[in-house]
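Enquirer: sequence first, then the predicted structure:
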Amino acid sequence: QQQVKQSPQSLIVQKGGIPIINCAYENTAFDYFPWYQQFPGKGPALLIAIRPDVSEKKEGRFTISFNKSAKQFSLHIMDSQPGDSATYFCAASFSGNTPLVFGKGTRLSVIA
Amino acid sequence: GAVVSQHPSWVICKSGTSVKIECRSLDFQATTMFWYRQFPKQSLMLMATSNEGSKATYEQGVEKDKFLINHASLTLSTLTVTSAHPEDSSFYICSASSGRVGGYTFGSGTRLTVV
């Protein structure tokens, strides 16, 4: 049973566009929701994260929107650039030293 | 910021040999280390969780005798792939946790190719 469902699998946007990636979770005990960016051959790098008591968080060009009642959260990338082309993973975890549960990933291509 | 050094970044080995992958937390104490495996164009799959000084807890379907995990100190954890076979070829990634919420730091990954 997949605990974090991510969509779309792939996404192509024009430079300057705003790609939106969505994730839905099932377990309401999750209390930490990060987004990671991964380039080929590299480990995932934390982009931005949110706790369930906040509905939106913005860091630079990246924004997380969080809907606790719908058990959904999304990543928006403002003014996307070709350098943003990568695979993005949403994840969730419980409190304490528990592992992150990852979505299946979204391959984003930003074309000039 | 927190840094985890993972080595080697890539390794090629012959079938039947063993390979050791190291992850070191450079500027914090990693109370817990998570080991993931990632196949091409797929997500990260948790293999095991290890706490310093304790035996690792393996996920269902992961052979503990094949993937030996040692977490002997708060700054070092190792994954040894024993008697490697071509199907073990994959990208292995460690993640160190400091114990605080969101305190996950990933290594840069190790590309293992078994020939």
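Expert: Now that the structure is in, tell me what you want to look at. These figures come from a predicted structure and were not determined experimentally.
Enquirer: what packs against the helix or strand containing B:M33?
Expert: Assigned by DSSP states H and E, B:M33 falls within strand B:32-38. Here strand B:32-38 touches strand B:44-51, strand B:67-73, strand B:76-81, strand B:90-97, going by 3 or more CB pairs under 8 Å, 6 or more residues apart in numbering or on different chains; DSSP states H and E. Placement of C-beta: from N, CA and C, glycine included.
Enquirer: note down every partner strand of that strand and its orientation.
Expert: strand B:44-51 (antiparallel), strand B:90-97 (antiparallel) (DSSP bridges).
Enquirer: quick one: it to strand B:76-81, angle?
Expert: Comparing the axes of strand B:32-38 and strand B:76-81 via axes from the mean of the first three to the mean of the last three CA atoms, to 10 degrees yields an angle of 30 degrees.
Enquirer: and chain B, which residues reach chain A?
Expert: Proximity of chain B to chain A (CB under 8 Å from any CB of the partner chain) is limited to residues B:6, B:31-32, B:34, B:41-44, B:46, B:49, B:51, B:91, B:93, B:95, B:97, B:99, B:101-102, B:104, B:106-109, B:111.
Enquirer: contact partners of stretch A:37-55?
Expert: Residues outside stretch A:37-55 that contact it (CB atoms under 8 Å, 6 or more residues apart in numbering or on different chains): A:30-36, A:56-57, A:59, A:62-68, A:73, A:75, A:86-89, A:105, B:6, B:44, B:91, B:93, B:101-102, B:104, B:106-109, B:111.
Enquirer: quick one: average confidence on it?
Expert: Stretch A:37-55 carries an average pLDDT of 95.
Enquirer: mind listing what's buried in it?
Expert: Neighbour counts over stretch A:37-55 (16 or more other CB atoms under 10 Å in any protein chain shown) mark A:37-38, A:42-44, A:46-50, A:52 as buried.
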